[in-house]
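1. 3D, please:
(2 chains)
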Amino acid sequence: MGDFAFDLAHLLSGLMVVVSMVLLYQDRLTAMLNVFAAHAMLLGAAVGWQAEVQGAGHLWITAGIAFVFKGIVIPTALHAMVRRLGIHREIETVVGVGPTLIAALALTALAVLVVMPATEYANPLAREDLAFALAVVLLGLLMMITRRNAVSQIVGFMSLENGLILAAAGAKGMPLVVEVSVAFSVLIAFIVFGVFVFRIRERFDTVDIGTLERYRGEQQDGA
Amino acid sequence: MTGDAAMTGLSLHELVWQACQMLLMLAISPALIGLIRKVKARLLSRRGPPIFQPYRELWRLLHKEAVVAETASPLFRMAPYGQFAATWVAAALVPSFATGLMFSWSADLIAIVALLGTARFILALAGMDVGTAFGGIGSSREMLFASLAEPALLMITFTVALLAGTTLLSAIADHLLLQPVGLRISLALCLVALMVVALTETGRVPVDNPATHLELTMVHEAMVLEYSGRHLAMIEWAAALKLTAYLSLIACLFVPFGMATSTDDPVAMAFGLVTYFAKLVGLGVAVAVIEVSVAKMRVFRVTDFVGGAFALASMAALLLFVSRGF
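-> Here you go, the predicted model:
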């Protein structure tokens, strides 16, 4: 494996972490969905490069699934959903970009610090993919925590799942069945999410999950 | 590094090249401003003033009477010169057409950041000196932006220094020029972050509009509102120098191609000069395009904008630890 193979893999998976950060930075829903599409397409490219380097043909299928479904189909569907909900112009109230980005940096540092010593003897290609994948997963979790809108929580979940695929692609000998089943389950999750979002909207006239808290008794009246 | 050489013989031609570099910065900086104004005007389908208009403006300001407010302290009169001097030194230390010039042992990136910080400090102090509300608001905004942009700039410095193993700008440029660095996502992130910092620090469009006198938005202009005549000329020239310094920094760190690596070869020097001009023109056009294509932000959005640059720069440093070459 030459330097170039490593450099390109590094570039692609590093870019995925950066795009995850960009995802956290966005506060408009449509822009966020576009960034998410870019995230999934980058995942497709990263997995495709792993397939090329490892000579693993079945990874190409994973790359294709990532590129077509998560890069094109799901973002289009989310766009349609956002437009039907009438929230495409809405600016979401986030916890605050500054603290979120600082937390994101800390999580990325944590991922690097945890993975690098733990995998000292692993193949360097898999090793840095793992570090970045963990960072992407953590950033996806952070996104789900810091957002109040149900649609952006879906996006957080999907980007988290992108991180899992990235980790799986880095490990050699991952069977295709696992990847396909993961991709399929994400698709199902997406449909379930979609149904839920519309149900929430029907019920509460908003997709801000903050309003749910009153019904669960977590917030005293006055909201 | 070059300590011995500096001890044994300060050869004349080294001194000449260093003087060239210093005067070059001084000479071309107004033209750069003129170029950006011209390109912006052309992109907006206007004709625009000639590229050399800033020289005429400076000439004219230098010959006008300087009106000073009654409440001004001596600081007010000295500040423009102090600021100009600090900015000029910072600009002259950035290697433009050649690495390894005579003074390059002192061209430490951290020193350059500190010099620019000193210039900003002096100007902010002067903005508050007269006691008008505008000066105060300008100074306060400038310091707010600076407090965000400076950590980003230092993070960029650290990343590049980690990559090259030194904070000497000349040595970094040499390293990037001569060693195969490969595909570096850290460098790409640094480039974006440095662009953002440069736009913020020099008061260009997404952050501040250098051509406006609208009280809600101005930052740099508000700070220097009380200045006139030769004082204003110094400040305007220093602003041009600062822009040149930042663009040269970008050129030197990210496109070091063509820079001469030894002072003994006049042909290489000439080639370095030509490529430097080309790089500067390219970056100037890029700045103009950015300014035309984005709207100015609200003041409180700038924190997010520059904070993003800081995040990118820190990210670049983090990613460097995972890459193999480090």
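
2. show me what contacts the closest residue to chain A within the stretch 1-150 of chain B?
-> Chain A sits closest to B:Leu148 of the stretch 1-150 of chain B, with a gap of 9.5 Å, by CB to the nearest CB. C-betas here are computed from N, CA, C, even on glycine. By CB atoms under 8 Å, 6 or more residues apart in numbering or on different chains, B:Leu148 lies in contact with B:Thr200, B:Val302, B:Thr303, B:Val306, B:Gly307, B:Phe310.

3. quick one: which two of those are the most distant?
-> Using CB to CB, the two most remote members of the contacts of B:Leu148 are B:Val302 and B:Phe310, lying 12.3 Å apart.

4. so which of these two has more stuff around it?
-> B:Phe310 (25 against 21; other CB atoms under 10 Å in any protein chain shown).

5. how about that one: what's its closest non-neighbour residue?
-> Counting by CB to CB, 6 or more residues apart in numbering or on different chains, B:Ala152 is the residue found nearest to B:Phe310 once chain neighbours are left out, at 4.0 Å.

6. so who does that neighbour touch?
-> B:Ala152 sits in contact with B:Ala193, B:Val196, B:Val197, B:Val306, B:Ala309, B:Phe310, B:Leu312, B:Ala313, where contact means CB under 8 Å, 6+ apart.

7. make sure the third one is indeed in a strand.
-> No - when DSSP: H, G, I helix; E, B strand; the rest coil is applied, B:Val197 is found to be helix, with no strand at that position.

8. give me the neighbour count for it.
-> That count, for B:Val197 with other CB under 10 Å as the rule, works out to 27.

9. what about it, distance to B:Lys242?
-> Distance from B:Val197 to B:Lys242, counting by CB to CB, to the nearest Å: 12 Å.

10. what do you get for A:Val22?
-> 29 Å.

11. and the two? Which one has more around it.
-> Taking other CB under 10 Å, A:Val22 and B:Lys242 do not tie; B:Lys242 has more neighbours (24 against 19).

12. before we move on, which element is that one in?
-> Secondary structure from DSSP states H and E places B:Lys242 in helix B:229-254.

13. can that helix be found next to chain A?
-> No - using CB under 8 Å from any CB of the partner chain, helix B:229-254 never reaches chain A; the gap is at least 15.7 Å.

14. what sits against B:Val197?
-> B:Ala149, B:Ala152, B:Leu153, B:Ile156, B:Tyr246, B:Val306, B:Ala309.

15. show me which pair in those residues is furthest apart.
-> B:Tyr246 and B:Val306 (14.2 Å).

16. the residue of the stretch 1-150 of chain B closest to chain A: which element?
-> With DSSP H and E as the criterion, B:Leu148 is inside helix B:133-164.

17. same check on B:Ser314?
-> With DSSP H and E as the test, B:Ser314 turns up in helix B:302-322.

18. likewise B:Arg42?
-> helix B:12-43.

19. count the residues that sit near A:Thr76.
-> Neighbours of A:Thr76 (other CB under 10 Å): 12.

20. ok, back up a step: buried stuff in the helix holding B:Arg42?
-> Residues B:14, B:17-18, B:20-22, B:24-26, B:28-40 are the ones in helix B:12-43 that count as buried (16 or more other CB atoms under 10 Å in any protein chain shown).

21. then stretch B:120-137?
-> B:120-130, B:132, B:134-137.

22. excluding residues flanking it in the chain, which one is nearest B:Leu191?
-> B:Phe254 (5.0 Å).

23. contacting residues around that neighbour?
-> By CB under 8 Å, 6+ apart, the contact set of B:Phe254 is B:Leu187, B:Cys190, B:Leu191, B:Leu194.

24. quick revisit: for the helix or strand just after the helix holding B:Arg42, C-alpha coordinates in CSV please.
-> Once the chain leaves helix B:12-43, the next helix or strand it forms, by DSSP H and E, is helix B:53-63. Output of helix B:53-63 as CSV, limited to C-alpha atoms (Å, rounded to 0.1, in the frame of the first residue of the first chain):
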residue,chain,number,x,y,z
GLN,B,53,-5.9,55.4,-7.8
PRO,B,54,-4.9,54.5,-4.2
TYR,B,55,-1.4,56.0,-4.8
ARG,B,56,-3.0,59.3,-5.8
GLU,B,57,-5.3,59.1,-2.7
LEU,B,58,-2.3,58.5,-0.4
TRP,B,59,-0.3,61.3,-2.1
ARG,B,60,-3.2,63.7,-1.7
LEU,B,61,-3.8,62.8,2.0
LEU,B,62,-0.2,63.2,2.7
HIS,B,63,-0.4,66.8,1.6
